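K.L.:
Fold the following for me, if possible:
(2 chains)
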Amino acid sequence: GEQVEQLPSILRVQEGSSASINCSYEDSASNYFPWYKQEPGENPKLIIDIRSNMERKQIQELIVLLDKKAKRFSLHITDTQPGDSAMYFCAASEEASSSFSKLVFGQGTSLSVVP
Amino acid sequence: EAAVTQSPRNKVAVTGGKVTLSCNQTNNHNNMYWYRQDTGHGLRLIHYSYGAGSTEKGDIPDGYKASRPSQENFSLILELATPSQTSVYFCASGDQDWGGAETLYFGSGTRLTVL
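P.N.:
Predicted coordinates:
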């Protein structure tokens, strides 16, 4: 089945700088790649996603890049703020049947933004 | 926003005991999921359901059963709990679009400790 590798597991950046999280997947049939953010003590929430027919997507300070050839995708947070401190999960879709896909999540990245 | 409610929030069980985790969603989503979250492993799928009456094995189903008696409710059952099942469990619901993309709405989680 699909496997998703996420790096780094821990990331510490200075406030105002950029943060980058990288994920790789194995199944070339994967066509949907969401990112979830989990603040301490909270549940994960979708923050941005990208489909396989796109290479780049931006929502405010969040940028997602997808390289289908290399089977890699990444999240970039520009101008980080303390509120960006959280656990981040990438995921890739895996076909479970002809009409249903399920998500396989990466291991998570704990991001700390320090003053 | 989608509302997914889990109960209990915290549970302490003894080895060999039976544990039932409950999940209720009020958004009429077809799909429901049970994940466990462990440090270094991210979110791993245990069981999922397409709709009332259906349950499917996820990526780590051993030691768990699931039940979907209605559109709103999805339970996770540990018939013989073991310490290795100590974890945080998240329920989620969602609907997939034509391309298999799906926003998952997570509950607040259940912290289970098996002694």
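
K.L.:
what does chain A put close to chain B?
P.N.:
Taking C-beta under 8 Å from any C-beta of the partner chain as the test, the list of chain A residues beside chain B reads A:1, A:6, A:9, A:31-32, A:34, A:36, A:42-46, A:49, A:51, A:89, A:93, A:95-96, A:100-108. No exception for glycine: its C-beta is placed from N, CA and C like everyone else's.

K.L.:
What's the per-residue pLDDT of the spatially closest residue to residue A:107 that is not a sequence neighbour here?
P.N.:
By the measure of C-beta to C-beta, 6 or more residues apart in numbering or on different chains, the closest residue to residue A:107 outside its immediate chain neighbours is residue B:42, 4.4 Å from it. You'll see residue B:42 listed with a pLDDT of 92.

K.L.:
Same check on residue B:27?
P.N.:
We note a pLDDT of 89 for residue B:27 in this prediction.

K.L.:
gap between the residue in chain A sticking out farthest from the centre and chain B?
P.N.:
Among the residues of chain A, the one whose C-alpha is farthest from the average of all C-alpha positions is residue A:98, by C-alpha atoms, centre = their mean at 25.4 Å. With distances defined as C-beta to the nearest C-beta, to the nearest Å, the gap from residue A:98 to chain B amounts to 11 Å.

K.L.:
Buried ones from the residues of chain A next to chain B, can you make that a PyMOL selection?
P.N.:
Selecting only the buried entries of the residues of chain A next to chain B in PyMOL, with 16 or more other C-beta atoms under 10 Å in any protein chain shown as the criterion:
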select buried, chain A and resi 6+31+32+34+36+43+44+46+49+51+89+93+95+96+100+101+102+103+104+105+106+107+108
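
K.L.:
pLDDT below threshold where in chain B?
P.N.:
Where chain B drops to pLDDT under 70, the residues are B:1-2.

K.L.:
Spell out for me which residue occupies the centre of chain B.
P.N.:
When chain B is reduced to its mean C-alpha position, the closest residue under C-alpha atoms, centre = their mean turns out to be residue B:34, at 2.3 Å.

K.L.:
Contact partners for that one?
P.N.:
If a contact means C-beta atoms under 8 Å, 6 or more residues apart in numbering or on different chains, then residue B:34 has B:21, B:23, B:45-48, B:58, B:64, B:66, B:74, B:76, B:89-91 as its contacts.

K.L.:
again with residue A:90
P.N.:
Applying C-beta under 8 Å, 6+ apart to residue A:90 gives the contacts A:4, A:6, A:21, A:23, A:33-35, A:73, A:75, A:105-106.

K.L.:
Just want the phi and psi numbers for the residue farthest from the centre of chain A.
P.N.:
According to degrees, to the nearest 10, the main-chain angles of residue A:98 amount to phi -60, psi -20.

K.L.:
For chain A, which strand extends over the most residues?
P.N.:
Among the segments of chain A that qualify as a strand by DSSP state E, the longest is strand A:86-97.

K.L.:
any idea how far residue B:67 lies from residue B:79?
P.N.:
From residue B:67 over to residue B:79 the distance is 12 Å, taken as C-beta to C-beta, to the nearest Å.

K.L.:
higher neighbour count, these two?
P.N.:
Using other C-beta atoms under 10 Å in any protein chain shown, the more surrounded residue of residue B:67 and residue B:79 is residue B:67, with 16 against 12.

K.L.:
ok, and residue B:29, which helix or strand is that part of?
P.N.:
Element membership of residue B:29, judged by DSSP states H and E, is empty: it is in no helix or strand.

K.L.:
Got phi/psi on it?
P.N.:
phi -70, psi 140.
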